[in-house]
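Prediction below, plus the sequence it came from.
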Amino acid sequence: MNGIWATISRELRAYFFSPLAYIVAALVLVVNGLTFGVILSFLNDPRAGIGAPLEYFFGQTVYFWLVLLFITPVITMRLISEERRSGTIETLMTAPVTEAQVIVGKFLAALAFYVFLWLPTVIYAVIVARHHQVDWGPVASGYLGVLGIGALFLSIGMLATALTRSQLVAAILTFAMLIPVFTFGLLEMLSNNEGLKTVFGYLNLWQHMEEFSRGIVDTRRLVYYASTTAFFLFLATRALAVRKWR
Amino acid sequence: MIEAEDLTRRYGDLTAVDGVSFTVGDGEIVGMLGPNGAGKTTAIRVITGFLPPSSGRVRVAGHDLFEDPVSARRKIGYLPENVALYPEMRVSEYLSYRARLEGMRSTEAKKAIRGALADCLIEQVSGKVIGTLSKGFKQRVGLAATILHQPEVLVLDEPTIGLDPKQIIAIRELIRKLGGQRTLLLSTHILPEVELLCDRVIIIDRGRIVAEGTPESLRQSWQGEAVVALELKGAASDRAETLESLPGVAGVDRVGESRFELRCRPGSDPREEVFRLAVERGWTLLELTLRSASLEDIFVRLTTDDRAASPSTEEVAS
């Protein structure tokens, strides 16, 4: 356990000491803020359809996905690659900690930072609540989706960063793995075969978020996120154990 | 106590460590010597559990490194060759991180950090950001982190590299102090360091142990290879042959216009004969010195023999 806690506290500190974290945080705030502003002015028009602003925010815009696909590689790329590049991995992996503890610790730190990036958006709900009644159930389930899909994406990033000593390669590799994970589900619309359509339907993350944003919590989705996250973290643990470099 | 048994580590076709076995006893300081690329660092990485061996076993303080890695690692303090630290952390933060990795509680850790800072003479930089420190300070921060948890076994890969002479003396002092209570394996290029610090020396070349023993015993067993350095006034061509005919001289190398080196037969000292010969022939003797083999000579001889004949590990590895 000491391995997990020591890793979490070190990595969290490292996030807040790096300028990259602030750039990412600023960018996320700008994009999310603009998106939310656009949604609000859209819904202000009587001709617009009905719906809660946060429902649109989580389930209807491509910006949500752009933010997610952009920040997860950036959050995870440094975590193990940099230890390999600088050589600190040598003291880390000769300390009395296991590979699994290191991976879990770093993953939890990444997840915590990811949650931190989303925290300011809670203010949007608070702003809306001052002018209009907010149904907090769908808001909470929307955040549940953000957490679940974020965990899945970050675990993919963990695998990528465990595979290489270059942060850049890790980020690109993460992105390359995220694209199919995100887009396979979208093939649902382009599939004529019933079986395939069902399979793609299960994996359709956009669809998942739309449901979450409307307050539908389907445990199959949560099982999917949890199991794939565990699977990628397991692969990352194996990758960290390979130290075939000089 | 470190027990290494028939360790072999291959990288593809290259065998970096080839059937190495040795023991380092409690309270013993053992130096590992070898040219670059001889396999020292690989051997050390295997012993510390960073790299798995291709075959062989290692036991550290009684724990098998591969069956019970976490217990074994708890007993080891390891300072890698290129001391790698996190540049954005402060020295004190880094040390408390390392203490937590070792599973120390915070009061215990605080005390250990104070002790390690004092031992490594880095109290004055404890609040500084590591990235701004000089090489010598970083080296000592790494060493401080290595000894935090009072490990029974210390493995130091080139601990004095990059330090200035004053710091080297301080670190050697510390190593000697640490060695008294612990098992200490130390790899180095610096031969005087070995003579100063180590109870025993292991010389590694091309992945194998080529010599092992106390610095004195190594020197004694190579004593027969002593050399007499000789300088005569003036240059004459037939002198080398005349010198070679002396009893006790195995060979003569002409190293300058009028300088010679006489390789001596084991146990012989031909200086008297050389003097008599010089008087007899009317040569003016400017220098006559017997040089017994230093550890450096032994090292060079052991690790350069038939280097030219076969491509060395060093070239392949680098």
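All right, it came through fine. Residues are numbered from 1 along each chain as shown, chains lettered A, B, ... in the order given.

low pLDDT regions in the chain?
Picked chain A for this. Filtered on pLDDT under 70, chain A yields the residue ranges A:244-246.

wait, chain B
Residues of chain B that meet the cut-off, pLDDT under 70, sit at B:221-225, B:235-237, B:293-295, B:304-318.

what does the stretch 51-200 of chain B put close to chain A?
B:51-52, B:70-71, B:73-74, B:76, B:78, B:80, B:82, B:84-86, B:88-89, B:93, B:97-98, B:100-103, B:142, B:145 (CB under 8 Å from any CB of the partner chain). (Each C-beta comes from the backbone N, C-alpha and C, glycine too.)

Can you go through these and name the buried ones?
Buried members of these, counted by 16 or more other CB atoms under 10 Å in any protein chain shown: B:51-52, B:73-74, B:76, B:78, B:80, B:84-86, B:89, B:93, B:97-98, B:100-103, B:142, B:145.

Tell me the secondary structure at the residue nearest to B:L290 when sequence neighbours are not counted.
Closest residue to B:L290 apart from its sequence neighbours, by CB to CB, 6 or more residues apart in numbering or on different chains: B:V228 at 5.4 Å. Classification of B:V228 using DSSP: H, G, I helix; E, B strand; the rest coil returns strand.

Let's verify B:E261: helix, strand, or coil?
Per three-state DSSP, the local secondary structure of B:E261 is strand.

Just give the number of residues close to the residue nearest to B:L290.
25 (other CB atoms under 10 Å in any protein chain shown).

beta partners of it?
The partner list for B:V228 in beta bridges (DSSP bridges) reads B:L262, B:L290.

what separates it from chain A, distance-wise?
Distance of B:V228 to chain A, given as CB to the nearest CB, to the nearest Å: 44 Å.

now that residue: how far from B:L246?
For B:V228, the distance to B:L246 (CB to CB, to the nearest Å) stands at 10 Å.

Get me the contact residues on chain A for chain B.
Selection of chain A residues close to chain B by CB under 8 Å from any CB yields A:2-3, A:5-6, A:9-10, A:13-14, A:17-18, A:86-88, A:90-98, A:243-244, A:246.

Could you pull out the helices in chain A for me?
Remark: helices assigned in chain A by DSSP state H are A:2-17, A:19-44, A:53-59, A:62-76, A:78-86, A:88-92, A:99-118, A:122-131, A:136-163, A:167-183, A:194-203, A:205-213, A:219-241.

Make a markdown table out of those helices and add distance to B:T15.
Below are the helices of chain A laid out as a markdown table (distance: least, CB to CB, whole Å):
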| stretch | distance to B:T15 |
| --- | --- |
| helix A:2-17 | 33 |
| helix A:19-44 | 42 |
| helix A:53-59 | 57 |
| helix A:62-76 | 36 |
| helix A:78-86 | 24 |
| helix A:88-92 | 22 |
| helix A:99-118 | 26 |
| helix A:122-131 | 59 |
| helix A:136-163 | 26 |
| helix A:167-183 | 30 |
| helix A:194-203 | 47 |
| helix A:205-213 | 49 |
| helix A:219-241 | 22 |
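
Please produce JSON lines containing these, extended by mean neighbour count.
Converted to JSON lines, the helices of chain A look like this (neighbours: other CB atoms under 10 Å in any protein chain shown):
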{"stretch": "helix A:2-17", "mean neighbour count": "19"}
{"stretch": "helix A:19-44", "mean neighbour count": "15"}
{"stretch": "helix A:53-59", "mean neighbour count": "22"}
{"stretch": "helix A:62-76", "mean neighbour count": "20"}
{"stretch": "helix A:78-86", "mean neighbour count": "21"}
{"stretch": "helix A:88-92", "mean neighbour count": "22"}
{"stretch": "helix A:99-118", "mean neighbour count": "21"}
{"stretch": "helix A:122-131", "mean neighbour count": "13"}
{"stretch": "helix A:136-163", "mean neighbour count": "23"}
{"stretch": "helix A:167-183", "mean neighbour count": "17"}
{"stretch": "helix A:194-203", "mean neighbour count": "14"}
{"stretch": "helix A:205-213", "mean neighbour count": "21"}
{"stretch": "helix A:219-241", "mean neighbour count": "17"}
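
show me the contacts for the most centrally placed residue in chain A.
By CA atoms, centre = their mean, chain A has its centre lying nearest to A:G150, at 2.2 Å. Counting by CB atoms under 8 Å, 6 or more residues apart in numbering or on different chains, A:G150 makes contact with A:68, A:72, A:111, A:114-115, A:118.

What of B:G248?
B:264-265, B:268-270, B:273.

One more: B:L121?
Counted by CB under 8 Å, 6+ apart, B:L121 has contacts B:140, B:167, B:170.

which element is B:T23 on?
Element membership of B:T23 [criterion: DSSP states H and E] is strand B:14-24.

Break chain B down into its domains, please.
Listed by automatic domain parsing, the domain ranges of chain B are B:2-220, B:223-292.

okay, now residue 46: neighbour count?
You didn't say which chain, so I picked chain A. By other CB under 10 Å, 5 other residues sit near A:P46.

actually chain B
Around B:V46 there are 24 residues (other CB under 10 Å).

ok, it touching B:S55?
No: the criterion here is CB atoms under 8 Å, and B:V46 misses it with B:S55 at 10.5 Å.

Need the overlap of contacts for the two.
B:L7.

The closest residue to A:M177 other than its chain neighbours and chain B, how far apart?
Sequence neighbours aside, A:I156 is the residue nearest to A:M177 in space, at 4.9 Å (criterion: CB to CB, 6+ apart). Separation of A:I156 from chain B (CB to the nearest CB) stands at 25 Å.

what's the answer for A:L119, then?
23 Å.

follow-up on the earlier one: now list the buried members of the contacts of B:G248.
Among the contacts of B:G248, those classed as buried by 16+ other CB under 10 Å are B:264, B:268, B:270, B:273.

List the residues that contact the second one.
The reference is to B:S268. Per CB under 8 Å, 6+ apart, neighbours of B:S268: B:247-248.

Could you rerun that using 10 Å?
B:224, B:226, B:228, B:246-250 (CB atoms under 10 Å, 6 or more residues apart in numbering or on different chains).

do the same with the first one
When the contact criterion is CB under 10 Å, 6+ apart, the partners of B:C264 are B:223-228, B:246, B:248-251, B:270-271, B:290-292.

What about B:E261, how many residues nearby?
17.

just the strands in chain B please.
Using DSSP state E, the strands of chain B run over residues B:2-11, B:14-24, B:29-33, B:55-60, B:63-64, B:76-79, B:153-157, B:183-188, B:200-205, B:208-213, B:227-232, B:249-254, B:259-264, B:285-291.

Show me what the first one is packed against.
Right, strand B:2-11. Judged by 3 or more CB pairs under 10 Å, 6 or more residues apart in numbering or on different chains; DSSP states H and E, strand B:2-11 is in contact with strand B:14-24, helix B:40-47, strand B:55-60, strand B:153-157, strand B:183-188.

Please repeat the previous calculation with a cut-off of 6 Å.
On a contact count with 3 or more CB pairs under 6 Å, 6 or more residues apart in numbering or on different chains; DSSP states H and E, strand B:2-11 meets strand B:14-24, helix B:40-47, strand B:55-60.
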